[in-house]
Each structure stands twice: as C-alpha cells, then as structure tokens.
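Peer 1: Just need the structure, nothing else, for what follows:
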Amino acid sequence: QVQLVESGGGWVQPGGSLRLSCAASGVTSSLNVMAWFRQAPGKEREFVAASRRGGNRTSYTNSVKGRFTISREDAKKTVYLQMNSLQPEDTAVYYCNVQLTGGFDYWGQGTQVTVSS
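Peer 2: Just a heads-up that it's a prediction; the model follows:
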C-alpha cells in the first residue's frame, strides 16, 4: 500500500518562505514523476511543479516560476517544494502526487499553506 505523508505547511506572512516535504512509503517500483498540486478555496486543483526521474527534469506552472523550487531525494523517496516570496494567492491546500511505473497514480492527504498578514 503506497502512502504519501506531507509536512511543512503552515501560516506565513507575504514575502515569507516555507518548505514542503512528501515522503512515500510502500513503493515497489520507480517513482517516475513526483509532483505538487494545490487547491484554493472554491477553485479546482491545479498543477504547481513536477520532477521527472533521471536528470534535472523539472517543470512549473508560470505563476510560481522563479519563486518555487521542486527537488527530490530518490533514496529517501521524498520530494520537496521550496516556496519563496509567498503571496496571498499562494494560499491553498498543497497535495503531493506520485506516478509510478505502470501508470499507478497516488495522492497525499494535503497540507494547508496560508499566506496573510
């Protein structure tokens, strides 16, 4: 049973930083893609960033480019999201997503990020 445990969310003032972590357990095949999505109140879940296995292959939604950095430690089966220069519009529940070999797709339970003064 694959489980994803997220941590690192919380409250921060505009301009501040947070680092999210997501640790996967029960994984028996390759973590092809490790990604972050977010869902703000009243909005659909949206893609934030992804890291693909092998090489430095990352992608970001335009609104976070230059502010957020995704990274991964495959030995620990962990993905991180460093979030800098946070703004109120970044307030959302952030979800970790992993895609394994064979097309299997798993989600974390979500962690709340609130940016306000």
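
Peer 1: tell me the mean pLDDT over stretch 66-81?
Peer 2: In this model, stretch 66-81 has a mean pLDDT of 96.

Peer 1: Any idea how far that stretch is from the middle of the chain?
Peer 2: With CA atoms, centre = their mean, to the nearest Å as the basis, stretch 66-81 stands 8 Å off its chain's centre.

Peer 1: any chance you could map the strands in this structure?
Peer 2: With strands called from DSSP state E, the chain shows them at 3-7, 10-12, 18-25, 31-39, 46-52, 57-60, 68-73, 78-83, 92-100, 105-107, 111-115.

Peer 1: Check which helices and strands the fourth one sits against.
Peer 2: Packed against strand 31-39, as judged by 3 or more CB pairs under 8 Å, 6 or more residues apart in numbering; DSSP states H and E, are the following elements: strand 18-25, strand 46-52, strand 68-73, strand 78-83, strand 92-100. Glycine gets a C-beta too; all of them are placed from N, C-alpha and C.

Peer 1: Great, nothing more from me.
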